[in-house]
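A.B. asks: Based on what follows, work out the 3D shape:
(one chain, ligands or ions: 1)
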Amino acid sequence: MKLFPQLLSLALLTGTLTMNSCSSKKEKEASEEKPGIEKTAYGKLPDGQTADLFTLRNAAGMTAQITNYGGIIVSLTAPDKNGKFEDVTLGQDSLSSYVKNNPYFGALIGRYGNRIAKGKFTLDGKTYNLFINNFGNHLHGGKVGFDKVLWTATPVDGDEPALKLKYTSKDGEEGYPGNLTVEVTYTLQKDNALKIDYQATTDKPTVVNLTNHTYFNLTGGAKRDILDHVVSLNADRLIPVDKTLIPTGKLQDVANTPFDFTNPTVVGKRINDSTDTQIKYGGGYDHGWVLNGPADSLKLAATVYEPTSGRLMEVRTTEPAIQFYTGNFLDGTVTGREGFPYKKRYALCLETEHYPDSPNHPAFPTTTLRPGETYKSTTIYQFSTKKE
Ligand code: GLA
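C.D. replies: Got it, this is the predicted structure:
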């Protein structure tokens, strides 16, 4: 009998505890579903610095996970036609995997997205030599590009959470002149769009061409290759290249070639057309297209539709060109979060940028940035679904 009140209070206590854990679970679930940004530790870099992982969430349930190491988009979810959110990007399972070998998955690219011939350019009469890392050319900023540095991160909470990243690239880094201060802001919008705003200033004349190198596979979880994805590009002209993927300097009409994506076309339809020299050089699609419409203002650049999931991605940009790359160099050596190998053509990239090798082509839109000027660029990847 004497025990009863104790048992009762124990039961009550247990009940209370259970109720508490119930309500805290609910609160946790609610907070997980609330729009905002959350920061967790991601891991240590070989030099001892710590990288963080930021999870941005909007009210619709879309999430973007971004680390300040390389500004890498580690995952990005989008709903399919049944409302199921799945990752639509290729990504690795840990920070150390990204550090070890990352074919630019999700990463910010700079100072110069794409190639500069022989790693050489002349600006105001002075010749600069850049790091050579791609068949005798300079690619994606060199040995330690912006994809391999730790950015200073500032999270911005709210209904449209944002992550501001800042990096100062020192005068002479990878051979480029001028101290370049770069700011990139990722914003997860209410309308299931990820917006990327780029800004840069310099203290000496230099060249800049920033982009993001996310690999997309709209099946969700990269279930198979992207040959059945349907792509359209708002572009009448291609920037043809030589066999080391350096522009010839001329532009080519896409009409009647495998490069005509002015109407939505299945990626695999003409990707192996070995009678086309440009397809041969690229090993598929690995080219810049000149976007129709005014440079510097936001315009539709590309759409990607994946019929089984119903997912649609629309890309808008202020950039004058887009590099459409079909993962031709993926060979299964890099495995994803699920542990299975990412094989050839398991993803496609739509890198909004200026033309490759612009510093060596005075007729191309300029990539020169001078002291007192501000480099500005915006790209939006928006997700929705559609029925066939
Ligand atoms: C860009 C290039 C490709 C390739 C990838 C990364 O898209 O154009 O040739 O280098 O990056 O593998």
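
A.B. asks: make it CA atoms for all contacts and neighbour counts henceforth
C.D. replies: OK.

A.B. asks: tell me which parts of the protein are close to the ligand?
C.D. replies: The chain comes close to the ligand at residues Pro103, Asn114, Asp286, Tyr325, Phe329, as judged by CA under 6 Å from any ligand atom.

A.B. asks: and Ile279, what are its phi and psi?
C.D. replies: Note on Ile279: backbone dihedrals following degrees, to the nearest 10 are phi -60, psi -40.

A.B. asks: Report the contact partners of it.
C.D. replies: Shown in contact with Ile279 (CA atoms under 8 Å, 6 or more residues apart in numbering): Pro258, Ile271, Asn272, Asp273, Tyr285.

A.B. asks: Give the burial count for the third one, as a bare number.
C.D. replies: Applying other CA atoms under 10 Å, we find 14 other residues in the vicinity of Asn272.

A.B. asks: What of the first one?
C.D. replies: Residues lying near Pro258 (other CA under 10 Å) number 19.

A.B. asks: thinking again about what came up before, return the member of the contacts of Ile279 nearest to the ligand.
C.D. replies: Tyr285 (8.9 Å; CA to the nearest ligand atom).

A.B. asks: Does that closest one touch Phe329 like I think?
C.D. replies: No. Contact criterion CA atoms under 8 Å: Tyr285 and Phe329 do not qualify, at 10.9 Å.

A.B. asks: who has more neighbours, those two?
C.D. replies: Ranked by neighbour count (other CA under 10 Å), Tyr285 and Phe329 place Tyr285 first, with 24 against 15.

A.B. asks: Can you tell me how far that one is from Ala200?
C.D. replies: Separation of Tyr285 from Ala200 (CA to CA, to the nearest Å): 30 Å.

A.B. asks: residues in contact with Ser96?
C.D. replies: Contact analysis of Ser96 by CA under 8 Å, 6+ apart lists Gly43, Leu45.

A.B. asks: Show me which positions of the helix or strand hosting it end up buried.
C.D. replies: Using DSSP states H and E, Ser96 sits in helix 95-100. Buried residues in helix 95-100, defined by neighbour count with 16 or more other CA atoms under 10 Å: Leu95, Tyr98.

A.B. asks: Alpha carbons of stretch 93-106, in CSV - could you do that?
C.D. replies: Only the C-alpha atoms of stretch 93-106 are listed here, as CSV (Å, rounded to 0.1, in the frame of the first residue of the first chain):
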residue,chain,number,x,y,z
ASP,A,93,29.2,10.4,-48.6
SER,A,94,31.6,12.5,-46.5
LEU,A,95,33.9,15.5,-46.5
SER,A,96,37.0,13.3,-46.8
SER,A,97,35.6,11.8,-50.0
TYR,A,98,35.1,15.2,-51.5
VAL,A,99,38.7,16.2,-50.5
LYS,A,100,40.1,12.9,-51.9
ASN,A,101,38.7,13.0,-55.4
ASN,A,102,35.8,15.2,-56.5
PRO,A,103,35.0,15.7,-60.2
TYR,A,104,33.6,19.1,-59.2
PHE,A,105,30.3,17.6,-57.9
GLY,A,106,28.1,20.5,-56.7
